[in-house]
Every structure is written in structure tokens, then in C-alpha cells.
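> sequence first, predicted model second:
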Amino acid sequence: MALNEKYRDADQFEVPVSAVVPASPESGDAVLVGDMPAVALTGVWKNADNVDTITVRTNGAHHLEVAASDGALDWGETVYIDSSTGALSNNSGGVRFGFALGAVDSGATSTIPVKIDG
């Protein structure tokens, strides 16, 4: 094993809250770490250096609230995250977050499984 390895799969790790959107995520929220989509596994906590931190996961599928604001959203279609609010939708003006594993009627908001694009 390489001595410089930090994370084996790099699919779950801690990150300072200052590096994510939205600013105060809760466990289960969709977040962006820079341009990287993730889901918060924890709420905010202080690490050993007293820095506000969360643990995120960058793979898998999670039940998330998605708005079909740009027509109906169907299975396998792209889900985007708003880079300022963290809201998920099918509006391609956001950052690519993942793929719908369910459908949402046009104009509706529903909780569906979303596969993180990772």
C-alpha cells in the first residue's frame, strides 16, 4: 500500500463547512463540495481543530427532494444542484448532481432516489 494514501475509495470524507453549499447542511442534504456533488452524512460538528465540519458521501443513491421545474423529470434523466442554494431540479442551469431513479411530474416537487454522479 502506498504510504501517501489518504482515502482508499475517497467516497466518504470530512470537509469544512466553509467548502460546501448550502452553508449549513443537515444530515441527508444534497451538497456541493466545490463542483463535486455529495450528500451530507452528518450535521455540522467541530473537528479537533475546532473547525465546523461535515462528513459527506460522493456515491450511491439517496432519497432527495427534486423539483421538476423544466418539464417532467423521468427515470435516468440528469438532476442538477443550484450552486447557491443546494436545491435539486432538472434545470440545466445548475451543476450536474446525478441521475433520477424515479419520476417527477412537471411543476411538482417530490422525494425520489437520486444516483450521485461520481
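Yep, it's here.

> for Asp52, list the residues it contacts.
Pro16, Val17, Ser18, Val44, Trp45, Lys46 (Cβ atoms under 8 Å, 6 or more residues apart in numbering). Heads up, the C-betas are built off the backbone N, CA and C, glycines and all.

> can you give me the strands for the chain?
Counting by DSSP state E, the chain has strands at residues 12-16, 20-21, 30-33, 36-40, 45-46, 52-57, 61-67, 78-81, 88-89, 95-100, 109-116.

> out of those, which is closest to Leu3?
strand 12-16 (18.6 Å; Cβ to Cβ).

> check which residues of the closest one are buried.
Residues Gln12, Phe13, Val15 are the ones in strand 12-16 that count as buried (16 or more other Cβ atoms under 10 Å).

> measure the closest residue to the first one other than its chain neighbours to Glu65 for me?
If I follow you right, that is Gln12. If the residues on either side of it in the chain are set aside, Gln12 comes closest to Arg57, at 4.9 Å by Cβ to Cβ, 6 or more residues apart in numbering. Between Arg57 and Glu65 the computed distance is 17 Å (Cβ to Cβ, to the nearest Å).
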